[in-house]
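Colleague: please work out how this folds:
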Amino acid sequence: MKKYYLHNGIESSGPFDLAELQMKQIKATTPVWFSGMPDWKTAGEIEELKPVLQIAPPPFNPIPSIPKKIEMELEEEEIEEEIEEKKPKILGLKKSTFYLISFLLVLLIGTFFLNFLEENRSAQLEEQNAKTERENRQYQLQQKEIEEQKKQIEEQERLEAERIAKERKETINKRLSEIQIKQIENQTFLEEAKNELTRASQFQFFRTADEKDKEINAIQADISRLKKDIESLENERNQLSLELERMQSQKN
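Modeller: Have a look, this model is predicted:
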């Protein structure tokens, strides 16, 4: 519902609805303002207020013969009007009227200025919000790119690790095959050396005791070396087998 403000020449009052205005008994000359009006108007200029205006009676036509008392009162009014006209004016307006208009202009300019500041502040806030939203979108895109790069790096590292593990597995299997062959060869040489030691210990013709001892010592030295080689190869085979088992468990 539309609300109206009234002005008595000094200060404004309101807001009032139509029922309240009717109780105020406003006249056609009463200044009125409501939201949406650029400036104050008299109540008689506003169409929807005409039904609530107080109807003033027409001016009284005095009888031709004016009593002396009334005549004196008229003369006093004329004197007062002359005095009023002689009072100092500003830009052709009474001081009170000039001050009222000035006050309304200041009020109007202040309202316009405040609206301008509010609109400017709203525009700044909208720009700041838009900037923040753009920065958030850019940050999210950067984070997404970083995550994608991390995934690519992790995938490359995984593939590289698989490649290294595969090569290591092939190297271990190749070395295990070599160890197996070497163990078979050393075991064969060990058996031959043991047989040769038995023969050297039993054979006594055409040799001195010193020659026999030297031959036996040399064969025993070969046997000790072969046993160490066999033991070393066995340890290496066990270590490589354990490494293969760990690689297989990590893969699973």
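Colleague: host element of residue 117?
Modeller: Using DSSP states H and E, residue 117 maps to helix 95-202.
Colleague: which non-adjacent residue is nearest residue 35?
Modeller: Of all residues not flanking residue 35 in the chain, residue 3 sits nearest, at 7.3 Å (Cβ to Cβ, 6 or more residues apart in numbering). For every residue, glycine as well, the C-beta is placed using N, CA and C.
Colleague: got a list of what that neighbour touches?
Modeller: Going by Cβ atoms under 8 Å, 6 or more residues apart in numbering, residue 3 touches 14-17, 34-35.
Colleague: the helix holding residue 117 - what's its average pLDDT?
Modeller: Across helix 95-202, the average pLDDT comes to 90.
Colleague: other SSEs contacting it?
Modeller: For helix 95-202, the elements it packs on are strand 89-90, helix 209-251, judged by 3 or more Cβ pairs under 8 Å, 6 or more residues apart in numbering; DSSP states H and E.
Colleague: lowest average pLDDT across the ones you listed?
Modeller: Looking over those, mean pLDDT reaches its minimum on strand 89-90, with a mean of 65.
Colleague: re earlier: quick one: the helix holding residue 117 to helix 209-251, angle?
Modeller: Orientation check (axes from the mean of the first three to the mean of the last three Cα atoms, to 10 degrees): helix 95-202 against helix 209-251 gives 150 degrees.
Colleague: how far away is residue 30 from residue 7?
Modeller: Here residue 30 is placed at a distance of 8 Å from residue 7 (Cβ to Cβ, to the nearest Å).
Colleague: the more surrounded of the two?
Modeller: Comparing residue 30 with residue 7 by other Cβ atoms under 10 Å, the one with more neighbours is residue 30, at 20 against 16.
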